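*Asks:* model the following, please.
(4 chains)
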Protein chains: 2
Amino acid sequence: MKGSPPRLADSVTFRLGALGLQALDRLAPRLELHGLKPKHLGMLALLDSVDASSQLEVARAMNIAPSLVVALADHLEDLGAIQRVKDPEDRRRHVLRLTDRGRDLLQTCTDDAYAIDAHLTAELSPADRADLARVLGELARTAGLPALPQLRASADDTGGHAS
Amino acid sequence: MKGSPPRLADSVTFRLGALGLQALDRLAPRLELHGLKPKHLGMLALLDSVDASSQLEVARAMNIAPSLVVALADHLEDLGAIQRVKDPEDRRRHVLRLTDRGRDLLQTCTDDAYAIDAHLTAELSPADRADLARVLGELARTAGLPALPQLRASADDTGGHAS
DNA sequence: GGATATGCTTCAGAACATGAATGATACTGA
DNA sequence: TCAGTATCATTCATGTTCTGAAGCATATCC
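*Replies:* Model prediction:
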C-alpha cells in the first residue's frame, strides 16, 4: 500500500527557503534604520567571526561576486563600520577588518534579530524553541557555506599546511 | 561577570535567512531544468494547497506585487501548468487553477527538493533530522505567511483592518 | 445611473547582482 | 633581470527581478 505522497511544503529545502525569505523580510526594515541591507549584515557577521579577511575571501564565503563585495565594503566603510587596508604582504589584497563602530552596529542588529526571533517563535513551546535553535545550529555547522578557514586552505593549494 | 554576549549567528532569524538562501541556491538550478524559478514553484505549491485562487489572493499569500503575479502566471500558463479563467461571479477576477500537467511538474520539483534535503541534512543524526522537519513544520504553521483562508476572510471583512 | 472601488494588465524604472575589461601588483622561469 | 602570466580590486555595461503608477474592465454603492 501507498502512503500519502510527499508534499513539497514538507520538505526541509522548501521550508527553509520560504521561512528564510520571510525572516529576511522582517529583518530588512529594521536594518534599514541603521543604513544596512541584509548582505551588509552578513558581511559584518563574517568579519566578526574571522577578525580580518581579504575581499576575495569574503566573496567566496558569502557566495557573491567580488564586484559586489566592493560595493558592500564601500558602504560599510562610509559608515565607519569597517576599515580597508592594503595587505603589506600582498599589496593587491585589501584586508577588511571590523572597527569598534562596526562591532557596535553588529550588536545593535543582533538585538534586532533576536527581537524578530521572539516574534517568529512566539507560539512555539519552549522545548520546540530549543530544538529549533539547536538543530539550525547543527545544520549551519554541517551544511552551511564553507567557513573562511577552509577557503584560505584551498586558496594556498601549493603549500599544504597553512595558517 | 558577564556571560558571552549573544551572537548574531546564533539567532534563528539570521540562520533561517542564511540557510534559506543557500537552500534556494541549490534548488534553483534544478528548477531551471524544468523552466521554473523558485517563485514559480512557490505559486504551484500554493495553488496545490488551495485548489483555486484569484491573482490578488496569490499576491497577498506570496507577499509580492500583483503585477509580478501576472508575469509568473503568464509563464506557468505558457507551460500549461495552470489555467487562468475569468471568475463568472466576478468577471474582474482571474482564477488560477493547477492543471494535471502542473501537478506533474510540482511532483517532479518536489522530488528535486527532497533530493536536496538529503544532501543538506546528510550529516545530521536521524533524531536531529526528525526534529528539524518537525520544528520547521511547527514554525511554518504558526509563523508562516498567512494562509489563503485567512486572506479570504480578511477580504470579505466589511470594515476592519485586521493584521 | 453616476460616482467610486476593485482586479488585472502594461509599462517605466528602481534595486540588486553578475561578468568582462582594466590597472596594479605578484609570481614564474629562462 | 625581465618578459610573460596570474591574481586582486575596481569600474562599467548589462541582465534580472521586482515594484508602483496608470489604464481599462468590471463591480458596488448611493
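*Asks:* hmm, the biggest strand by length in chain A in reach of DNA strand C?
*Replies:* For chain A, the strand with the greatest residue count under DSSP state E is strand A:90-98. Yes - Strand A:90-98 lies in contact with DNA strand C when judged by CB under 7 Å from any atom of the strand; the contacting residues are A:90, A:91, A:92. For glycine as for every other residue, the C-beta is placed from the backbone atoms N, C-alpha and C.
*Asks:* buried stuff in the next helix or strand after that strand?
*Replies:* Next helix or strand after strand A:90-98 toward the C-terminus (DSSP states H and E): helix A:100-120. Neighbour counts over helix A:100-120 (16 or more other CB atoms under 10 Å in any protein chain shown) mark A:102, A:105, A:106, A:109, A:110, A:112, A:113, A:114, A:116, A:117, A:120 as buried.
*Asks:* beta partners of residue A:85?
*Replies:* The partner list for residue A:85 in beta bridges (DSSP bridges) reads residue A:95.
*Asks:* quick one: name the residues of chain A near DNA strand C.
*Replies:* Remark: the part of chain A in contact with DNA strand C comprises A:37, A:39, A:63, A:64, A:65, A:67, A:68, A:71, A:90, A:91, A:92, A:158, using CB under 7 Å from any atom of the strand.
*Asks:* how many other residues sit next to the nearest residue in space to the first one that is not next to it in sequence?
*Replies:* Nearest residue to residue A:37, sequence neighbours excluded (CB to CB, 6 or more residues apart in numbering or on different chains): residue A:31, at 6.4 Å. Residues lying near residue A:31 (other CB atoms under 10 Å in any protein chain shown) number 20.
*Asks:* out of the residues of strand A:90-98 next to DNA strand C, which is nearest to residue A:14?
*Replies:* The nearest member of the residues of strand A:90-98 next to DNA strand C to residue A:14, counting by CB to CB, is residue A:92 at 41.9 Å.
*Asks:* next secondary structure after whichever strand or helix holds residue A:42?
*Replies:* Using DSSP H and E, residue A:42 maps to helix A:38-50. Taking DSSP H and E as the definition, the helix or strand that follows helix A:38-50 towards the C-terminus is strand A:52-54.
*Asks:* rewinding a little: need the residues of chain A next to DNA strand C in JSON lines with neighbour count and pLDDT, can you?
*Replies:* Listed next are the residues of chain A next to DNA strand C as JSON lines, based on neighbours: other CB atoms under 10 Å in any protein chain shown; pLDDT from 0 to 100:
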{"residue": "A:37", "neighbour count": "14", "pLDDT": "97"}
{"residue": "A:39", "neighbour count": "17", "pLDDT": "97"}
{"residue": "A:63", "neighbour count": "12", "pLDDT": "94"}
{"residue": "A:64", "neighbour count": "16", "pLDDT": "96"}
{"residue": "A:65", "neighbour count": "10", "pLDDT": "97"}
{"residue": "A:67", "neighbour count": "9", "pLDDT": "97"}
{"residue": "A:68", "neighbour count": "14", "pLDDT": "98"}
{"residue": "A:71", "neighbour count": "13", "pLDDT": "97"}
{"residue": "A:90", "neighbour count": "9", "pLDDT": "94"}
{"residue": "A:91", "neighbour count": "8", "pLDDT": "94"}
{"residue": "A:92", "neighbour count": "8", "pLDDT": "95"}
{"residue": "A:158", "neighbour count": "5", "pLDDT": "32"}
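*Asks:* how about those, which pair is most distant?
*Replies:* Of all pairs drawn from those, the one with the largest separation by CB to CB is A:37 and A:158; the distance is 37.0 Å.
*Asks:* which other helices and strands contact the helix or strand harbouring residue A:56?
*Replies:* Using DSSP H and E, residue A:56 falls within helix A:55-62. Using 3 or more CB pairs under 8 Å, 6 or more residues apart in numbering or on different chains; DSSP states H and E as the contact criterion, the elements in contact with helix A:55-62 are helix A:38-50, helix A:66-78, strand A:90-98, helix A:148-155.
*Asks:* which positions within that helix qualify as buried?
*Replies:* Taking 16+ other CB under 10 Å as the neighbour-count basis, helix A:55-62 is seen to contain the buried residues A:55, A:57, A:58, A:59, A:60, A:61, A:62.
*Asks:* what about chain A, any weak spots by pLDDT?
*Replies:* Segments of chain A classed as low confidence (criterion: pLDDT under 70) are A:1-3, A:144-163.
*Asks:* swap the cut-off to 50 and go again
*Replies:* In the predicted model of chain A, residues A:148-163 satisfy pLDDT under 50.
*Asks:* next up, phi/psi of the residue lying closest to residue A:96 once chain neighbours are set aside, please.
*Replies:* Counting by CB to CB, 6+ apart, residue A:96 lies nearest to residue A:82, which is 5.3 Å off, once chain neighbours are set aside. Here is the backbone geometry of residue A:82 (degrees, to the nearest 10): phi -130, psi 160.
*Asks:* look up how far residue A:116 lies from residue A:82.
*Replies:* Here residue A:82 is placed at a distance of 24 Å from residue A:116 (CB to CB, to the nearest Å).
*Asks:* I am finished for the moment; much appreciated.
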